[in-house]
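task: produce atomic coordinates for the following.
(one chain, ligands or ions: 2)
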Amino acid sequence: MAAPMIPQDVQETSQMVKALQAGTKSGGGRGVFKVKRNTFNVKDSSDGITVDSWKFADWDYKRRDLPTYARGLFTTRNRHGEPEIAVRGYDKFFNVGEVHETEWKNILSRTRGPYELTLKENGCIIFVSGLEDGTLLVCSKHSTGEREDATASHAVVGEKHIERQLAAIGKTKADLAAELRARNATAVAELCDDSFEEHILAYGEDKAGLYLHGINLNLPVFATYPSPLVQDFAAAWNFRKTGLIIMDDINKVKDFLEEVAQTGAHDGRDVEGFVIRCTMSHNPDSVPYRDWFFKYKFEEPYLMYRQWRECTKALISGKTPKYKKHKNITEEYLLYARKRLHADPQLAKGYVHNHGIIGLRDDFLAYKHLNGSDAANIENLEGGEARTEVDGDVVLVPIATIGCGKTTVAQALVHLFGWGHVQNDNLTGKSRKPPRFTKACLDELATKPAVIADRNSASKHERRQIITDVKIQNASATLVALHFVHDAGSIEKIREVTRERVLARGDNHQTIHAATEPAKFIGVMEGFIDRFEPCNIFSPPDDGFDSVIDLDPTAGSRANLEFVVTQLHARYPSLVKEVPSAEKMDEAIEAALGYAPTIKHNIPDRGRGKQGQQQAKGKQEEQDQSGKKKPLEYMAVHVTSASVTQVLERAFSVDDAEVTRFYKQLKGTRRVQPKFHVTLMHRASAKERPDLWERYLGLHEEAEKGDGTVGECDVMLERIVFDDRIMAIVVRLMPKGDAGDDYPTVNKVAHITVGTRDNAVKPKESNDLLAKWLEGGAEGNSGMHDVVLEERPTLPGVVKGVCNFHKR
Ligand code: GDP
Ligand code: MG
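Residues are numbered from 1 along each chain as shown. Ligands and ions are numbered 1, 2, ... in the order given. The predicted model follows:
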């Protein structure tokens, strides 16, 4: 195998430098790339040579018009004043799936072996080359020589290592410089040295040094040595060798990487990932293959898995597990692992020898009904780690109903930070309102780091619209939902608070003139509450948000402002650099509450328009389009959400994870029903009990002449029964009034379904749960629990028919 050798072409190099120079003057943006140049004196050079370092913005490497894709590039001038590449790094390479080219399907079809897999060593990159005057040039990615404050730089420490390694074999820096210059090449190595700088992986004294991983030709286009030649060079010049695996079949490569990813460890050692070197052609028929790298970096959930593995090993050896990330889910995992280890001593024995790691983890995930990436993501979305790189292009999207305080909080944020604020209510005209709204928000970002997209976005289709439209037009935008949570238990309070506020606001609003048209405003507000779809970060469209901040609409805007500000500071510290003082926030809210809109426009009576049909849902949905009555779906006793939630909260305020876990899960995943009822009879059982169905139909029809109420019936709550799929409350029905007002249920056990694990579990499966419970009790059914409600709370209930609004 001969080393590739292509000398530099002055023409070619000078063209590249010219193009780079143009890039230093560009303002960036769509048209031209932007590049930063830094000039350094070469400290050992007797000729006073200087080198220029060229640095692109990371995202610019995804452009197609760069004069070179070298990440780490230094140029200089030779004695004749001709430009010359002094140091050339690798072409910027991307993670699997990060860009189009690195999607597996493209890697599989466009690349050619041999595939050289090198461990991603965990240090910093060092470039070494030889200058014209015989000096050895040692650089880090973008600099060389000492730091301005004269402290040791990576480059200087790297050079010390080189001196040491060469001295050991009786060679000099000048020898190495001459060798590299003769080859027109840059040696690329990883500086790993704990005594200088500790990275995640350990490199003790015996492991410290320069790990040579590549030799590149000093050309604008990327050309690099095959790894076996790199290893030979390392041996000749006393570099440390980088671990190397060579494979010929890309499918084997993929399997191997995915296998290692399962544990994050290879060869008994934690690894960060692999760099895979191969050749690639976009179109093998017409375009020659060129050197090309991609990386496979272990990210979440693998990092979480690795943490679990370490924590489990700590548990087994009686140490306290230490962990910083994924706190809640790791805590739960450990609770689970502890039980399993306790129940099965063989498991621990195997685990320390790396057996059963994946099995235990997968059992836990199955038990939680989560997949790994969701599990790893939970806390990211609930707080997670700070994203320091975000300092602009942030769109705050309230998800709310009328009167939650969107505008108030927005005004206060404007007051504090001077951000942009676009109110949907200020846009006049009806046509193409959503795109105009989005555009207005994006326009604000041209001059301001953040904007509040002030509209309710209560329904998912509105969120889908804004998320998609924003991302299409500004790919680097960060979307943060301000989710005013409308929990089942608090909906009554929300109604009360928002109505009161909006009434107090009077006509002081663009479209809702509550003082002059009180009935209309209540209808409009109800419409929003009705249509409100909670934000679910695990499914589209809401998984398009970068993060979600949960707010309580009843908490007051001052409290919500503070929460938003502190959360943004924690998650995006470069956007909100510090949390303003309490006085400043008080002042901002006062200023906001004093705000009255300057635009006022009348909305047509919505009862008739297309939207109006939705607004006036309550009335319209009783009838279908042809004007016929909608069929009765089921008859039920309805109880208020607040009262049931209170009972649940009290029952689950015990300190017993076993008992509270499923309830917490339902709450956490917002799977607690928003409204609660006891089903008396569903139309599905009309055939079995035609007499009773007839009776309920009659009662319903009669009630329809009034407000729909059939009668009253107290509901006594006796016990909560649940497994890991569904939760129900066993109740006793106590009809009020005349003895004749009896409301029988066709269900074996009268109950309220509290919630189900996911959409695949239907509420009616409560019947199956309770049938099993009747048979064997909670003790007789594995995984089943029951909580007896000692004080037997009795709630007033209303008997009412429910029509299916969705079936036509
Ligand atoms: P939006 O419909 O979500 O934009 O809600 P607004 O921000 O316009 O708030 C509705 C009304 O409630 C306005 O008149 C506000 O001045 C008022 N308001 C907002 N926050 C608070 C609060 O914390 N306390 C009280 N008492 N009123 C508030
Ligand atoms: Mg508003």
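
assumed L733 was part of a strand.
Yes - using DSSP: H, G, I helix; E, B strand; the rest coil, the secondary structure at L733 is a strand.

okay but it is in contact with V639, surely?
No - between L733 and V639 there is no contact under C-beta atoms under 8 Å: 11.0 Å. The C-beta positions use only the backbone N, C-alpha and C, and glycine is treated the same way.

more neighbours: which of those two?
V639 (24 against 18; other C-beta atoms under 10 Å).

neighbouring contacts of the helix or strand where D175 lies?
Using DSSP states H and E, D175 falls within helix 173-182. By C-beta atoms under 8 Å, 6 or more residues apart in numbering, the residues outside helix 173-182 that reach it are 128-132, 134-137, 162-163, 166, 186-187, 237.

same question, stretch 282-301
Against stretch 282-301 from outside (C-beta under 8 Å, 6+ apart): 90-91, 93-96, 101-102, 107, 110-112, 120, 221-224, 257, 260-261, 264, 271-281, 306, 372-373, 375-377, 380.

what's around H80, how many residues?
Look at H80: counted by other C-beta under 10 Å, it has 8 neighbours.

and if you look at A477?
20.

how about the contacts made by it?
393-395, 442, 445, 470-471.

now it. Nearest residue, chain neighbours left out?
D393 (4.6 Å; C-beta to C-beta, 6 or more residues apart in numbering).

now the helix or strand hosting E590: buried residues?
Element membership for E590, per DSSP H and E: helix 582-593. Of the residues in helix 582-593, 585, 588-589, 592 count as buried by neighbour count, 16 or more other C-beta atoms under 10 Å.

quick one: common contacting residues for L733 and V639?
Counting by C-beta under 8 Å, 6+ apart, the residues touching both L733 and V639 are 678, 715.

wait, the residue nearest to A477 sits on P449?
Yes - between D393 and P449 there is a contact at 7.4 Å, judged by C-beta under 8 Å.

what bridges to G797?
C713 (DSSP bridges).

wait, a helix at A348?
Yes - according to three-state DSSP, the state of A348 is that of a helix.

what score does it have for pLDDT?
Here the pLDDT value assigned to A348 is 93.

quick revisit: please flag which of the contacts of stretch 282-301 sit within strands.
111-112, 273-280 (DSSP state E).

out of the residues you listed, who's nearest A22?
Closest to A22 out of those is M280 (28.1 Å), distances taken as C-beta to C-beta.

ok, and the closest non-adjacent residue to that closest one?
Per C-beta to C-beta, 6+ apart, closest to M280 is W292, 3.7 Å.

what residues does stretch 771-783 touch?
Here stretch 771-783 has contacts from 721, 723-724, 748-749, 784-786, using C-beta under 8 Å, 6+ apart.

most neighbours among those, which one is it?
Going by other C-beta under 10 Å, V721 tops the contacts of stretch 771-783 with 27 neighbours.

which residues touch it?
Contacts of V721 (C-beta under 8 Å, 6+ apart): 727-730, 769-770, 773, 778, 784-786.

thinking again about what came up before, can you narrow the contacts of stretch 771-783 to ones near ligand 1?
Counting by C-beta under 6 Å from any ligand atom, nothing from the contacts of stretch 771-783 sits close to ligand 1.

biggest separation within these, which pair?
D724 and K748 (22.0 Å).

how about the residues of the stretch 101-250 of the chain by ligand 1?
Residues of the stretch 101-250 of the chain lying near ligand 1 (C-beta under 6 Å from any ligand atom): none found.

would you map the strands across the stretch 101-250 of the chain?
Under the criterion DSSP state E, counting those that start in this stretch, the stretch 101-250 of the chain contains strands at 111-119, 124-130, 136-139, 185-192, 209-217, 240-241, 244-247.

return the most buried member of those strands.
strand 136-139 (a mean of 29; mean count of other C-beta atoms under 10 Å).

now what about that one, what contacts it?
42, 44, 51, 53, 72, 74, 86-87, 126-131, 144, 155-156, 158-159, 162, 173-174, 176-177, 180.

centre of the chain versus it, how much separation?
Chain-centre distance of strand 136-139: 41 Å, with C-alpha atoms, centre = their mean, to the nearest Å.

pull the CA atoms of it into CSV?
Written as CSV, here are the backbone C-alpha positions of strand 136-139 (Å, rounded to 0.1, in the frame of the first residue of the first chain):
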residue,chain,number,x,y,z
LEU,A,136,7.2,22.1,13.0
LEU,A,137,3.8,23.8,13.2
VAL,A,138,1.5,22.4,15.9
CYS,A,139,-2.0,23.7,16.1
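
quick one: the strand or helix carrying K520 near ligand 1?
Element membership for K520, per DSSP H and E: helix 518-531. No - against ligand 1, helix 518-531 shows no contacts by C-beta under 6 Å from any ligand atom, the least distance being 9.2 Å.

give the buried residues for that helix.
520-521, 523-528, 531.

among the contacts of strand 136-139, which ones are buried?
Counted by 16+ other C-beta under 10 Å, these give 42, 44, 51, 53, 72, 74, 86-87, 126-131, 144, 155-156, 158-159, 162, 173, 176-177, 180 as buried.

so who does the nearest residue to T330 once chain neighbours are set aside touch?
Of all residues not flanking T330 in the chain, Y323 sits nearest, at 5.2 Å (C-beta to C-beta, 6+ apart). Applying C-beta under 8 Å, 6+ apart to Y323 gives the contacts 307, 310-311, 330.

most neighbours of all those residues, which one?
Highest count within these by other C-beta under 10 Å belongs to Q307, 22 neighbours.

ok, that residue touching K327?
No - using C-beta under 8 Å, Q307 is not in contact with K327; the gap is 10.3 Å.

the residue lying closest to I316 once chain neighbours are set aside: neighbouring residues, count only.
Nearest non-adjacent residue to I316, counting by C-beta to C-beta, 6+ apart: A348, 4.8 Å away. Look at A348: counted by other C-beta under 10 Å, it has 18 neighbours.

how close does A348 get to ligand 1?
54 Å (C-beta to the nearest ligand atom, to the nearest Å).

run through the stretch 351-500 of the chain and note the low-pLDDT ranges.
378-386 (pLDDT under 70).

ok, back up a step: how much does the helix holding D175 deviate in direction from strand 209-217?
For helix 173-182 against strand 209-217, the angle by axes from the mean of the first three to the mean of the last three C-alpha atoms, to 10 degrees is 30 degrees.

give me the mean pLDDT for helix 173-182.
Mean predicted confidence for helix 173-182 is 96.

same deal with stretch 210-229?
pLDDT averaged over stretch 210-229 gives 94.

ditto for stretch 525-538
pLDDT averaged over stretch 525-538 gives 86.

distance of V502 relative to I494?
Per C-beta to C-beta, to the nearest Å, V502 is found 12 Å from I494.

near ligand 1, which residues of the stretch 301-450 of the chain?
400, 402-408.

list buried residues within the residues you listed.
Buried among those by 16+ other C-beta under 10 Å: 400, 402-408.

could you list every residue that touches the residue of the stretch 651-800 of the chain found nearest ligand 1?
Distances between the stretch 651-800 of the chain and ligand 1 by C-beta to the nearest ligand atom are smallest at P674, namely 20.1 Å. Contacts for P674 (C-beta under 8 Å, 6+ apart) come out as 486-488, 491, 641.

and which of the residues you listed is nearest K25?
For those, the nearest to K25 is H486 (52.7 Å; C-beta to C-beta).

surely that closest one is within a helix?
No - when the secondary structure is assigned by three-state DSSP, H486 falls in coil instead of a helix.
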